[in-house]
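Participant: Sharing a model prediction with you, sequence too.
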Amino acid sequence: MTLSDLPAVNASLNALATCFIIAGIICIKQGRKRAHATCMITAIAISALFLTSYLIYHYSHPVTRFTHPGWPKVLYLTILFTHIPLAVLVVPLVVMTVVPALRQRLERHKKVARWTYPVWLYVSVTGVLVYMMLYQWFPPTGG
């Protein structure tokens, strides 16, 4: 594996985290608290792996440009400009959600999780979309 493989790895980790976030939400709605906790801990671990891989890649490739013109660029930038601030916000939100859960302050956990869950899910899904647009659907033309 080389550094150039990391964007695909990152997108895969984001997609996998998305699956565990959704599974965790389904589990808690079904009253399966232990399965919910397992899913969410797994989503956190996968997201931590993603963040590590993402930082390694962008340390060595600080600038990535979307080169396709027209509506794809407008769509890409719209997604990216919502994704970035929410990606920064989701880290403290996850911490603010997990800490009460670990302390068995479940009312506080539920109150914060109502905000964390949609933001985290959005960030995970749009992370995959950014990858797909940048590297698969509209890759650089090499110029």
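Facilitator: Everything's here; your move. Just so it is clear, the structure is predicted and the values come from calculations on it, not from any experiment.
Participant: quick one, phi psi at Val63?
Facilitator: The phi/psi pair for Val63 (degrees, to the nearest 10) reads phi -120, psi 130.
Participant: That one: neighbouring residues, count only.
Facilitator: 5 (other C-beta atoms under 10 Å). Backbone N, C-alpha and C define where each C-beta goes, glycine included.
Participant: Okay, it and Met40: tell me how far apart.
Facilitator: 34 Å (C-beta to C-beta, to the nearest Å).
Participant: ok, now Pro69?
Facilitator: Distance of Pro69 to Met40, computed by C-beta to C-beta: 41 Å.
Participant: So for these two, which sits in the more crowded spot?
Facilitator: The neighbour comparison of Pro69 against Met40 (other C-beta under 10 Å) goes to Met40, with 25 against 9.
Participant: The more buried one: what's it in contact with?
Facilitator: 20-21, 24, 98 (C-beta atoms under 8 Å, 6 or more residues apart in numbering).
Participant: So the residue nearest the centre of the chain, which state does it fall into?
Facilitator: Residue closest to the mean C-alpha point of the chain, counted by C-alpha atoms, centre = their mean, is Ser124 at 2.7 Å. Assigned with DSSP: H, G, I helix; E, B strand; the rest coil, Ser124 falls in the helix class.
Participant: just Gln104 next, same as before
Facilitator: Going by three-state DSSP: Gln104 is coil.
Participant: same question for stretch 10-22, mean pLDDT?
Facilitator: Stretch 10-22 carries an average pLDDT of 98.
Participant: Using PDB, write out the CA atom coordinates for that stretch.
Facilitator: Taking Å, rounded to 0.1, in the frame of the first residue of the first chain, the C-alpha atoms of stretch 10-22 are listed here in PDB:
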ATOM      1  CA  ASN A  10     -10.500   6.700   3.800                       C
ATOM      2  CA  ALA A  11     -13.700   6.400   1.800                       C
ATOM      3  CA  SER A  12     -14.000   2.800   2.700                       C
ATOM      4  CA  LEU A  13     -13.600   3.500   6.400                       C
ATOM      5  CA  ASN A  14     -16.200   6.300   6.100                       C
ATOM      6  CA  ALA A  15     -18.600   4.000   4.400                       C
ATOM      7  CA  LEU A  16     -18.100   1.300   7.000                       C
ATOM      8  CA  ALA A  17     -18.500   3.800   9.800                       C
ATOM      9  CA  THR A  18     -21.800   4.900   8.200                       C
ATOM     10  CA  CYS A  19     -23.000   1.300   8.300                       C
ATOM     11  CA  PHE A  20     -22.200   1.000  12.000                       C
ATOM     12  CA  ILE A  21     -23.800   4.300  12.800                       C
ATOM     13  CA  ILE A  22     -27.000   3.300  11.100                       C
END
